[in-house]
Structures are given as C-alpha cells and as structure tokens.
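**Student:** need the 3D shape of this:
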Amino acid sequence: MKFLASYSKKKFQSLNPETQIKALDKLATALEENLADSEAVAQLIGSIQNCVSWLEEPVPHHLMLFSKALEKAKDTREISLAIAAFQSSLGKNFTDNQLRLQSQDGPRFADPQTLERASRIILILDNLRSAFNVGSIFRSAECLGIPELWLCGVCPTPQNPALIKTARGTAEKLSWKHFAHTTDAVEEAKNKGYTVYALETAPNAGSVFETEFRLPLALLLGNESLGIGDALKLCDHIVSLPVQGWKNSLNVAVAASVCAYQIVFGEQTHKLGQLTHPNSPTP
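**Tutor:** Numbering: from 1, shown residues only. Alright, predicted model coming up:
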C-alpha cells in the first residue's frame, strides 16, 4: 500500500485490523519526522485522531492512550514522547538517541581555564570493538573540548554508521587518526611530550579522584572485557575509578567520561569548592 499522509474514513475502515495498526504507525513516524513543521504536525495529529475514532469498538487501550496523549501534548517534546510510548507498545525497541533532539546544539559557555586544560588532552582507544562505545566517547570528548582521539587496532572509525549515529554529529568536529598497534600510539604520545595515563582496574592503580594529573596528557582506554594489552607497561601512570558494588568496572564509555570530566574540571572543583558559571552574579 502506498503511504498517504491521511486516510479517508472509507479507506481506513476498509483495512483489516493489522493493517490499520500499521497505518497508524506510519502516521506516527511521519509525525516524528515533521515535528519542525507546525502545519504538518497539526494535520498529522488530526489524521491519527480521526483514524483512532474510526476503529471498531472496543478500541485497543494503547491506541486510546496515544490519541489522548497527542490531544494533551503541549509541545514537540511531549509529542515525541507520546510517539515513543505508542511505538514501544507495538514491540519496537529504540535507543534514546533515536528520539529527535528538540534543543539546539551549540556553544553554551566555556571557562578559559578548563577549556585550556581540555585542549591539552588526547584519548587513546585500545581495541574497543563497539562502535557505540567509540561513538559515545567521541560525543563526551567533544562536549568537554578534548580535540583529538587516537583509535587503535580493531577500533571502528568515523566511517562506521553506528559510530556516526551514536556520536550525534560530534565525530566530524574532532581530529582522529588510526594506529594498527596501540603501542605505537603510546610511544608517539610520549615522544610528543604527553604523560600517558592508563585507565585500568589494577592493584597498583591510583584513584582518579586522588591523582594530580600532569598536562599535556594522553588517557589510554582499553577493551572492558580484555583490558589494556601490551601498551600498559609503556604508560607513566595507571589510574582507576573506585567502585562500591559487586561489579568491579564500568562500561568503558561511561568510565572514559567520568575520568575525563575529573581531569578537566576536578582541579577547578578542588580550588573553588564548586564550579560557577562565569556569568554568575557575585555573592
């Protein structure tokens, strides 16, 4: 069936129940894709509500909820969440990054001191197989102002569609290069004057929150299942994140973000007691 932006009552009621659900799903997808167009939003919501009203009784509960949620929605965020709830009720699985961003990306504020610290950091990724983890690390690095990632071994590169999707537009804003062997990347970093810190769960690792990081630095991140390979012995320091639960380590992308944020903002936090926005009023 050719998809239409709307259905007549006769056309919609001629469909069997399964096809009616598929039609509503297509309308919901069209609505999600046109949230920036207020005229299209109004038309599509009207079409969805009409179709629900034309269903034979008893109308499935999840369809009634969808129609009512659209009726009550005050903005595009609530419309998007209503669509997500409806499509989830159909058994579709989504990740958060499949919800369309309604806020505008762009500069917020950048404290010169923390931005300068971030500019002197590189991240070295040792054989991370997951494109989603690598994409997430790209996103965190860009948010912090870290300018460069070195991808080693089997790490996917920004040509990978899953990485691009997870990075949410940040991969193209950072410099990166690929090394066949992580040891080569660590040696190059040291030759360029970087102090190399490995983030690894090891008996001799110091806490990320107690380490005085020396800049410029390279932070080496390893495969969370296999750990860091031969490059570990070349590193200047080993640091770890303390854990208090049964699991002894975090997802590598999460751990990378926590550690990198501590390196960039931790010193400021210790000095000032808390970070304040540069435009905050003086007490």
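**Student:** so which residues of the stretch 101-250 of the chain form strands?
**Tutor:** Taking DSSP state E, counting those that start in this stretch as the criterion, the stretch 101-250 of the chain carries its strands at 121-126, 148-152, 175-179, 195-199, 206-207, 217-222, 237-240.
**Student:** any chance of the ones you listed in a markdown table, with mean pLDDT and mean neighbour count too?
**Tutor:** Backbone N, C-alpha and C define where each C-beta goes, glycine included. A markdown table is the format used below for these (pLDDT from 0 to 100; neighbours: other C-beta atoms under 10 Å):
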| stretch | mean pLDDT | mean neighbour count |
| --- | --- | --- |
| strand 121-126 | 97 | 26 |
| strand 148-152 | 97 | 22 |
| strand 175-179 | 96 | 15 |
| strand 195-199 | 97 | 23 |
| strand 206-207 | 93 | 12 |
| strand 217-222 | 96 | 25 |
| strand 237-240 | 96 | 20 |
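**Student:** select, out of the ones you listed, the one closest to residue 255.
**Tutor:** Closest to residue 255 of these, according to C-beta to C-beta: strand 195-199, at 6.1 Å.
**Student:** same for the closest one, what does it pack against?
**Tutor:** The helices and strands touching strand 195-199, judged by 3 or more C-beta pairs under 8 Å, 6 or more residues apart in numbering; DSSP states H and E, are helix 182-191, strand 217-222, strand 237-240, helix 252-272.
**Student:** sheet-wise, list the partners of that strand with their directions.
**Tutor:** In its sheet, strand 195-199 lies beside strand 217-222 (parallel), strand 237-240 (parallel), with partners assigned from DSSP bridges.
**Student:** export the strands of the stretch 101-250 of the chain to a markdown table and tack on distance to residue 91?
**Tutor:** Formatted as a markdown table, the strands of the stretch 101-250 of the chain follow (distance: least, C-beta to C-beta, whole Å):
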| stretch | distance to residue 91 |
| --- | --- |
| strand 121-126 | 35 |
| strand 148-152 | 36 |
| strand 175-179 | 37 |
| strand 195-199 | 38 |
| strand 206-207 | 44 |
| strand 217-222 | 35 |
| strand 237-240 | 40 |
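**Student:** name the stretch among the helices and strands packed on strand 195-199 that sits most buried.
**Tutor:** Each of those was assessed for mean neighbour count using mean count of other C-beta atoms under 10 Å. The highest is strand 217-222, with a mean of 25.
**Student:** just the CA coordinates of that one, formatted as PDB?
**Tutor:** Taking Å, rounded to 0.1, in the frame of the first residue of the first chain, the C-alpha atoms of strand 217-222 are listed here in PDB:
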ATOM      1  CA  LEU A 217      48.400  14.000  28.900                       C
ATOM      2  CA  ALA A 218      47.100  11.100  27.000                       C
ATOM      3  CA  LEU A 219      44.400   8.900  28.600                       C
ATOM      4  CA  LEU A 220      44.500   5.300  27.400                       C
ATOM      5  CA  LEU A 221      41.300   3.400  27.500                       C
ATOM      6  CA  GLY A 222      41.100  -0.400  27.000                       C
END
